[in-house]
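Visitor: Just a sequence and a predicted model for now, questions to come.
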There are 2 protein chains.
Amino acid sequence: MVDEFAFIHSITPGAYHHQAILTGIGDDAARYRINQGEDQLVCTDTMVEGVHFLRQTMPPYAVGWKLLASNLSDIAAMGGVPDYYLVSAAFPEKWFDDREEIFQGMSDLADRYMVDLIGGDTVSAPDTLVLSATVIGHMTDHRSFLRGAAKPGDSLMVTGTLGDSAAGLELLQNKRHAGEGHTAFLIQRHQLPLPRLDAADLIRRLPYRAALNDISDGLASEAYEIADASHVSIVIEREKLPVSEALSQMPGEDQLKFVLNGGEDYELLLSVPSEAAEDYQNLFQKNHLLLTNIGKVIKAQGKPAVFLEESGRRAKLEKSGYNHFKK
Amino acid sequence: MVDEFAFIHSITPGAYHHQAILTGIGDDAARYRINQGEDQLVCTDTMVEGVHFLRQTMPPYAVGWKLLASNLSDIAAMGGVPDYYLVSAAFPEKWFDDREEIFQGMSDLADRYMVDLIGGDTVSAPDTLVLSATVIGHMTDHRSFLRGAAKPGDSLMVTGTLGDSAAGLELLQNKRHAGEGHTAFLIQRHQLPLPRLDAADLIRRLPYRAALNDISDGLASEAYEIADASHVSIVIEREKLPVSEALSQMPGEDQLKFVLNGGEDYELLLSVPSEAAEDYQNLFQKNHLLLTNIGKVIKAQGKPAVFLEESGRRAKLEKSGYNHFKK
């Protein structure tokens, strides 16, 4: 949406009535203290037919799954644990028979992480399916993993592989193939993404400061969020970007586009003290999770920026993230 | 929506992963324990253009106000106190310039009750404005005011006056007038309803058992919800129904229709032990809030039912509540 940041800024309260609010609008989720030792996290995410998904590329089950996944990913990006969710759904008649499938997709993902559906509102709508989920989670009160915690000298790391979801969408939309097994992998990464709650769990175990963000809008855009919030610049090394075997089957220019600007991978991007990078690597390796050191945080020269470095040359990346397909 | 109850039943989990859940899907809000002495309440409500409101009858400011009001009303109906809210909004281009007004309406109502906006998601939509709000509140852990708490012998009471909102909508849609001042009153009741958090506060102060529901879908429908959940029947006395001076200017058949089946009054309906009724009356009177004894709870003969009694004759009411206008 045009000017979303300006609009969100305009509706963000200047002051809160509740002192218990530790993080309000502006990070992956809101956080407030409920009692000594524990905070609560809340986030909400909306998916609109024709804007965030097309019926042709997303089966109803996947629509539900992905809605909840994107919310659980926000909890992961706060370093938290999800507990409950609520769903608001505006169903046009043409989606009426798909309601159970949509909720089944959410329910199966929720069961995987022991998250309970505790409320919602289902109403009718004239034309377009609109789904919103709200997830409530928790975390202990002495940790935080906000976007603004990065510092010059940090190592920039990312979980999993990048660009798979956008590649899957490309295959679906243009009926392309990436070869034996790879097509199915990329499509699954697009339709049934897994939030990185497993990685969040590992990150919590280490005692270091970490800035954390989930990659819902593409690496470049999410790196800018950390850079802006932390008042730093970020250098990403082209050759270190983790690409799946499946994505590596596709043409090189597609790969880079999907990795940098493809959204909805729901991997985690973290900025940690460079002396801690090895501990993260070891812990992730021990738990069979991929974690890749892809760059570093530097002092911002003027406005925070994100650079891509290749063969010793740095190019400034565009802020623009994932652009949902136009109607 | 056709068959909404059956659908909600079909998506309600058979068992919850979290023992902390005290009330899941099926009442006005969900409730879960956060620590000894305090529970948290969460509810979500959605408004769809053309289904829940029309642009011609609801200014943007009122759309925002009413969205939050309906959610705060659910917290009131649990006997709770609201703390935080999140908003998901899918904006089509034609509503783009109204975004600030919509959020201003919410914000002004929120300030009145010291409720903080802590998150949300604003996205674009093809045609129809869809707004969802999630409200988080709290209550002490030793009280509860569920729909299922009514017992035969109880007095049935209602706050404020009924039918005003539907009357206001009727005036707006058909360009009718109810006379000097009255038209403005009824339209305000429709566009800028006040959730009964003041009444919930008084109800909490008294030590009695009470079943509580808010009137969002009309008195008949809400009385049925209490009857069904409590396995009782309810008798409402026609001549005791509280009607505002403004509504009393309108034809008698309109009055009864609006009172019984007009929705969105957001008054509270409560069923309390008959010996406690006077204490409620006195407390409300002392606080200048209207509370009217409109009937009683009786044993259900077979299926729970709601009756309207007039001149000694009882007629069974239809369950059907407020029918949002068709497209």
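Guide: Yes, it's here. Residues are numbered from 1 along each chain as shown, chains lettered A, B, ... in the order given.
Visitor: where do the strands sit along the stretch 1-150 of chain A?
Guide: A:21-23, A:30-35, A:38-48, A:81-91, A:116-124, A:130-140 (DSSP state E, counting those that start in this stretch).
Visitor: Columns mean pLDDT on top of those strands, output as a markdown table?
Guide: A markdown table is the format used below for those (pLDDT from 0 to 100):
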| stretch | mean pLDDT |
| --- | --- |
| strand A:21-23 | 89 |
| strand A:30-35 | 88 |
| strand A:38-48 | 94 |
| strand A:81-91 | 96 |
| strand A:116-124 | 93 |
| strand A:130-140 | 95 |
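Visitor: looking at those strands, which is closest to residue B:143?
Guide: strand A:30-35 (18.4 Å; CB to CB). For the C-beta atoms, the positions are set from N, CA and C on the backbone; glycine is no exception.
Visitor: What angle do strand A:130-140 and that closest one make with each other?
Guide: Angle, strand A:30-35 to strand A:130-140, by axes from the mean of the first three to the mean of the last three CA atoms, to 10 degrees: 40 degrees.
Visitor: Parallel or antiparallel, list what pairs with strand A:30-35.
Guide: strand A:21-23 (antiparallel), strand A:38-48 (antiparallel) (DSSP bridges).
Visitor: Tell me the buried residues in the last one?
Guide: Read that as strand A:38-48. For strand A:38-48, burial by neighbour count (16 or more other CB atoms under 10 Å in any protein chain shown) applies to A:39, A:40, A:41, A:42, A:43, A:44, A:45, A:46, A:47, A:48.
Visitor: wait, the fifth one sits on residue A:29?
Guide: Looking back up the chat, that one is residue A:43. Yes. Counting by CB atoms under 8 Å, residue A:43 touches residue A:29, with 3.6 Å between them.
Visitor: and for those two, which residues touch both?
Guide: Counting by CB atoms under 8 Å, 6 or more residues apart in numbering or on different chains, the residues touching both residue A:43 and residue A:29 are A:74, A:75, A:78, A:135, B:119.
Visitor: Please verify my assumption that the fourth one contacts residue A:73.
Guide: No. Contact between residue A:135 and residue A:73 fails when scored by CB under 8 Å: they sit 9.5 Å apart.
Visitor: Residue of the stretch 151-300 of chain A closest to chain B, please.
Guide: Here the stretch 151-300 of chain A gets closest to chain B at one residue, residue A:216, 10.8 Å apart by CB to the nearest CB.
Visitor: Specify the local secondary structure of that residue.
Guide: coil (DSSP: H, G, I helix; E, B strand; the rest coil).
Visitor: how about the nearest residue to residue A:65, chain neighbours excluded?
Guide: residue A:105 (3.7 Å; CB to CB, 6 or more residues apart in numbering or on different chains).
Visitor: try residue A:103
Guide: That would be residue B:11: by CB to CB, 6+ apart, it lies 4.4 Å from residue A:103.
Visitor: next one: residue A:206
Guide: residue A:279 (5.8 Å).
Visitor: And for residue A:49?
Guide: In space, residue A:49 is closest to residue A:129, 4.1 Å off (CB to CB, 6+ apart).
Visitor: sorry, back to before: would a markdown table of the shared contacts of residue A:43 and residue A:29 with distance to residue B:305 and neighbour count be doable?
Guide: Compiled in a markdown table, those are given as follows (distance: CB to CB, whole Å; neighbours: other CB atoms under 10 Å in any protein chain shown):
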| residue | distance to residue B:305 | neighbour count |
| --- | --- | --- |
| A:74 | 46 | 28 |
| A:75 | 45 | 29 |
| A:78 | 49 | 29 |
| A:135 | 39 | 27 |
| B:119 | 43 | 27 |
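Visitor: Looking at those, which is nearest residue B:211?
Guide: For the shared contacts of residue A:43 and residue A:29, with residue B:211 as the reference and CB to CB as the criterion, the closest is residue A:135, at 30.3 Å.
Visitor: contacting residues for the residue found closest to the closest one once you drop the neighbours it is linked to in the chain?
Guide: Computed as CB to CB, 6+ apart, the closest residue to residue A:135 that is not its neighbour in sequence is residue A:71, at 4.2 Å. Taking CB under 8 Å, 6+ apart, we find residue A:71 in contact with A:43, A:44, A:45, A:82, A:85, A:133, A:134, A:135.
Visitor: Report pLDDT for residue A:71.
Guide: For residue A:71, the pLDDT comes out at 97.
Visitor: so how far is the lowest-mean-pLDDT helix or strand in chain A off the chain centroid?
Guide: Lowest on mean pLDDT, DSSP states H and E among the helices and strands of chain A sits helix A:4-11, with a mean of 77. Averaging C-alpha positions (CA atoms, centre = their mean, to the nearest Å) puts helix A:4-11 20 Å from its chain's average.
Visitor: Please identify the buried residues of that helix?
Guide: A:7, A:8, A:11.
Visitor: Specify which member of those is nearest to chain B.
Guide: residue A:11 (4.4 Å).
Visitor: The closest one touches residue B:107, doesn't it?
Guide: Yes. Judged on CB under 8 Å, residue A:11 makes contact with residue B:107 at a distance of 7.4 Å.
Visitor: Overlap in contacts, the two.
Guide: By CB under 8 Å, 6+ apart, the residues touching both residue A:11 and residue B:107 are residue B:117.
Visitor: circling back to that earlier point, right, and the residue nearest to residue A:65 touches residue A:61 too?
Guide: Yes. If you go by CB under 8 Å, residue A:105 and residue A:61 touch, sitting 4.0 Å apart.
Visitor: These two - which one has more neighbours?
Guide: residue A:105 (24 against 19; other CB atoms under 10 Å in any protein chain shown).
Visitor: mind giving me the domain ranges of chain A?
Guide: A:4-140, A:147-316 (automatic domain parsing).
Visitor: Residue B:181: which of these is closest?
Guide: Nearest to residue B:181 among the domains of chain A is domain A:4-140; the distance by CB to CB comes to 33.8 Å.
Visitor: all helices of the stretch 51-200 of chain A, in order?
Guide: Secondary structure of the stretch 51-200 of chain A, counting by DSSP state H, counting those that start in this stretch: helices at A:60-76, A:99-112, A:164-174, A:182-191, A:197-205.
Visitor: Tell me which of those is the most buried.
Guide: Highest mean neighbour count of the helices of the stretch 51-200 of chain A: helix A:60-76, a mean of 26 (counted as mean count of other CB atoms under 10 Å in any protein chain shown).
Visitor: centre of the chain versus it, how much separation?
Guide: Centroid separation for helix A:60-76 versus its chain: 10 Å, with CA atoms, centre = their mean.
Visitor: what's the angle from it to helix A:99-112?
Guide: Using the same axes, to 10 degrees: helix A:60-76 against helix A:99-112 is 40 degrees.
Visitor: relative to helix A:197-205, how tilted is helix A:60-76?
Guide: 10 degrees.
Visitor: Buried ones in stretch A:260-277, by neighbour count?
Guide: A:260-273, A:276-277.
Visitor: just to revisit the earlier point, show me what contacts the residue nearest to residue A:65?
Guide: Residue A:105 touches A:60, A:61, A:62, A:63, A:64, A:65, A:66, A:68, counting by CB under 8 Å, 6+ apart.
Visitor: now for the residues you listed, which pair is the farthest apart?
Guide: Among the contacts of residue A:105, A:60 and A:68 lie farthest apart (CB to CB), at 13.4 Å.
Visitor: For residue A:53, grab the count of nearby residues.
Guide: Residue A:53: 23 neighbours (other CB under 10 Å).
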